[in-house]
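Chemist: Quick check, what structure comes out for this input:
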Amino acid sequence: MDWFEEDNVCKDVCGASCPARDQSMCDEVTADNHMLNLMNRWGYDPLLPSQVAKFAPVERITHITVGLIILGTGLLGTVAHGSLISLHLRLHQYLLDPTGILLLNFLLANLFMCIFQFPFSASSSFAARWLWGDFGCQMYAMAGFTIGIGVIFSLGLMIIDRFVSIRSKGQVLTRKNVGIMILVCWHVILLFTVPPLMDVFGRYGLEPSGTMCTIDFWHGNFRNYNTYVIYLVVFGFGLPVSVMFYMFIKSTQMIQEKEHNKKWKILQLEHHTALTKACGILFITQMLCWTPYAILVLWTVVFPPSSLNLYYTLIPPLVCKASPALNAAIVWWNIPRIQAGYRYLQSGSPESLPIELGSMSCQKDQQDQAQPGQDQQQEEKNELTPAVG
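Modeler: Have a look, this model is predicted:
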């Protein structure tokens with residue numbers, strides 16, 4: 001029914017034909033107040049102007065500085081990871097063993113982080129406002145969260161590979177195992193990043209600076225933000241990181257024990273030691289780059305959004321966006337096999353294959369050792385078999 005006020009009396013348009021009349025619909029309630037009451041009743045009160053934290057505008061020079069940092073690290077990360085991926089693809093017959101496939105997955109995640117983040121956030125920072133609309137904001141935030149978690153989980157797969165390769169006696173993960181691991185990994189990540197996109201469990205939105213988008217951490221408990229962030233930090237960060245740390249520590253201990261490293265030749269042992277070291281440095285780097293963001297999103301679970309310092313909220317996304325460039329440098333400087341592959345391509349001599357590009361699995365060596373014995377047995381059997389005809 002439609003209500004109107006006449007001479008301070010609340011009446012309905014349909015008159016006596018209406019079965020029920022709620023005088024509170026318009027008795028001393030203005031349209032604005034009625035809308036506020038509805039927003040409170042429907043759970044939108046954290047978005048009311050009176051509830052939203054107020055921040056002073058970011059200075060223009062700060063926006064430009066942020067834009068330059070994002071642009072520089074984004075370009076550097078794109079070129080570096082593009083080069084490493086190209087190297088793996090050109091030398092796929094040597095580098096893309098199961099361990100190499102996991103490393104390639106990690107490199108691709110970092111490359112996608114650069115491609116789907118820095119062009120949009122850098123251009124918006126230069127413009128001092130978000131340029132890509134609400135849909136662009138949602139896609140940008142989801143891509144950032146999906147690929148960001150993907151970088152950490154992809155490193156986790158590499159650490160699992162280290163743990164299995166070192167602990168097992170000659171048995172390594174197969175290409176099929178690795179493919180299943182990667183597929184499951186990226187599907188699990190969607191359990192954390194799709195609900196905010198659907199606006200059912202957390203939500204994506206502009207950051208207080210107005211030039212980047214992420215999980216909406218500054219509008220209180222809207223869309224059960226507190227529960228979502230605890231779920232995200234515990235199962236998408238804390239638990240995986242704890243498992244990765246345990247497996248890495250065990251790997252470093254086992255690789256120093258003769259019982260586990262005797263199956264490798266010296267060059268193979270050096271390769272696996274270098275890979276384990278690289279995983280450790282990458283792990284520390286991810287903790288340094290992503291922990292500030294975990295603290296930021298947890299902050300408003302404990303403290304009110306008004307306690308945030310606007311300029312401090314710019315630091316975590318900048319550190320995260322620098323991680324791809326750092327990861328590329330770590331991979332390059334700590335895995336001799338990749339350096340050998342680069343020198344091999346630069347030499348232009350297909351005949352002079354570096355020994356670092358040989359098989360780094362002890363399975364092949366075991367097969368080679370078993371083959372002479374099998375050949376000898378076959379020869380003895382042939383000698384004992386009488387000639388026919």
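Chemist: other SSEs contacting the helix or strand harbouring residue 100?
Modeler: In this structure, residue 100 sits in helix 98-115 according to DSSP states H and E. For helix 98-115, the packing partners by 3 or more CB pairs under 8 Å, 6 or more residues apart in numbering; DSSP states H and E come out as helix 60-90, helix 133-167, helix 175-197, helix 315-334. All C-beta atoms are positioned from the backbone trio N, CA, C, and that covers glycine.
Chemist: I'd like those as TSV, with distance to residue 301, mean neighbour count and mean pLDDT appended.
Modeler: Supplementary listing: these in TSV, determined by distance: least, CB to CB, whole Å; neighbours: other CB atoms under 10 Å; pLDDT from 0 to 100:
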stretch	distance to residue 301	mean neighbour count	mean pLDDT
helix 60-90	26	18	95
helix 133-167	17	21	94
helix 175-197	15	16	95
helix 315-334	15	20	95
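Chemist: which intervals of the protein have sub-threshold pLDDT?
Modeler: 1-54, 169-171, 359-389 (pLDDT under 70).
Chemist: mind checking the longest helix of it?
Modeler: helix 266-302 (DSSP state H).
Chemist: how about that one: buried residues?
Modeler: Within helix 266-302, the residues that count as buried by 16 or more other CB atoms under 10 Å are 268-269, 271-283, 285-287, 289-290, 292-294, 296-301.
Chemist: cool, stretch 109-120 as well?
Modeler: Here stretch 109-120 shows 109, 110, 111, 112, 113, 114, 115, 116, 117, 118, 119, 120 as buried, counting by 16+ other CB under 10 Å.
Chemist: Also stretch 91-109?
Modeler: 91, 94-95, 97-109.
Chemist: For that stretch, C-alpha coordinates in CSV please.
Modeler: Presented in CSV, the C-alpha positions along stretch 91-109 are these (Å, rounded to 0.1, in the frame of the first residue of the first chain):
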residue,chain,number,x,y,z
LEU,A,91,64.9,-26.0,-23.3
HIS,A,92,61.9,-27.9,-22.4
GLN,A,93,63.5,-31.3,-23.1
TYR,A,94,66.1,-30.5,-20.4
LEU,A,95,64.4,-28.3,-17.9
LEU,A,96,60.8,-29.4,-17.8
ASP,A,97,61.2,-32.5,-15.7
PRO,A,98,58.5,-32.8,-12.9
THR,A,99,60.5,-30.4,-10.7
GLY,A,100,60.9,-28.0,-13.6
ILE,A,101,57.2,-28.1,-14.3
LEU,A,102,56.5,-27.0,-10.7
LEU,A,103,59.0,-24.2,-11.0
LEU,A,104,57.4,-23.1,-14.3
ASN,A,105,54.0,-23.0,-12.5
PHE,A,106,55.6,-20.8,-9.9
LEU,A,107,57.1,-18.5,-12.5
LEU,A,108,53.8,-18.3,-14.4
ALA,A,109,51.9,-17.3,-11.2
